[in-house]
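K.L.:
Sequence plus predicted model, see below.
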Amino acid sequence: MNIPCCECEKAGAVCCVMRQVIITDKDIDRVSVYLGRTDFYSFEFPEAWYLEPCYDPDWLSLVLQPDGKLKVLKRKEDRSCNLLGAKGCALPFDVRPRLCQLHPYMHTAKGIIGLDMTCLISREDKVETYLEEHNMPMDKAKEWQKELYFELNREKEQHHNHRRYFNGKSTRHQERR
């Protein structure tokens, strides 16, 4: 299966260009096993447009790290995804980050809410047929959405427990003095 990332990028589409693509720890595990390296992501402060999520009020609280940064795929100087090559994405579809697999579906913590109309796929005459033919049907998108939010919530809880542990430990240490 070959999702037309390269055609989209050449047409100036924005899913692989100009976006900070959020990744989860599980995405990192999956991609690093495939690539044999872990230098494909970084932590960046969110761009201004990212701070106003128009359709998911919970998104920022799930993706912002404790230091206010986002865990994202690295980008090239032209701001395109570092994994986007001349023939499209360097990753097989099943290895890509959940957010990439979900595109062009728009989502919230509650579920799929539609298609991103900036995506060239959403402009196809028979978009549902196209998505089915490219192994991206709605039922799979619903699974990916659940997995993405499960992973994001799990990471948020781990950060919270980590902070609580260290805050409690430093408090106990101070009490002994």
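P.N.:
All right, it came through fine. Numbering: from 1, shown residues only.

K.L.:
what does stretch 100-117 contact?
P.N.:
Stretch 100-117 is contacted from outside by 15, 21, 55-59, 62, 89, 91, 93-94, 119, 121-123, 127, 136, 138, 141-142, 144-145, 148-149, using C-beta atoms under 8 Å, 6 or more residues apart in numbering. To be clear about C-beta, it is placed using only N, CA and C from the backbone, and glycine gets the same treatment.

K.L.:
Narrow those residues to those that are buried.
P.N.:
Among the contacts of stretch 100-117, those classed as buried by 16 or more other C-beta atoms under 10 Å are 15, 21, 56, 59, 62, 89, 91, 119, 121-122, 136, 141, 144-145, 148-149.

K.L.:
Go through these and flag which are in helices.
P.N.:
Judged by DSSP state H, helices contain the following of those: 59, 62, 141, 144-145, 148-149.

K.L.:
now those in a markdown table, with distance to Glu77?
P.N.:
Converted to a markdown table, those look like this (distance: C-beta to C-beta, whole Å):
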| residue | distance to Glu77 |
| --- | --- |
| Trp59 | 27 |
| Leu62 | 29 |
| Ala141 | 32 |
| Trp144 | 30 |
| Gln145 | 32 |
| Leu148 | 28 |
| Tyr149 | 32 |
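
K.L.:
before we move on, back to that, from the buried ones among the contacts of stretch 100-117, which is closest to Asp39?
P.N.:
Leu91 (14.5 Å; C-beta to C-beta).

K.L.:
For the spatially closest residue to that closest one that is not a sequence neighbour, give me its contacts.
P.N.:
In space, and not counting its chain neighbours, Leu91 is closest to Leu83: 5.8 Å by C-beta to C-beta, 6 or more residues apart in numbering. Applying C-beta under 8 Å, 6+ apart, we find Leu83 in contact with 40, 73, 89-91.
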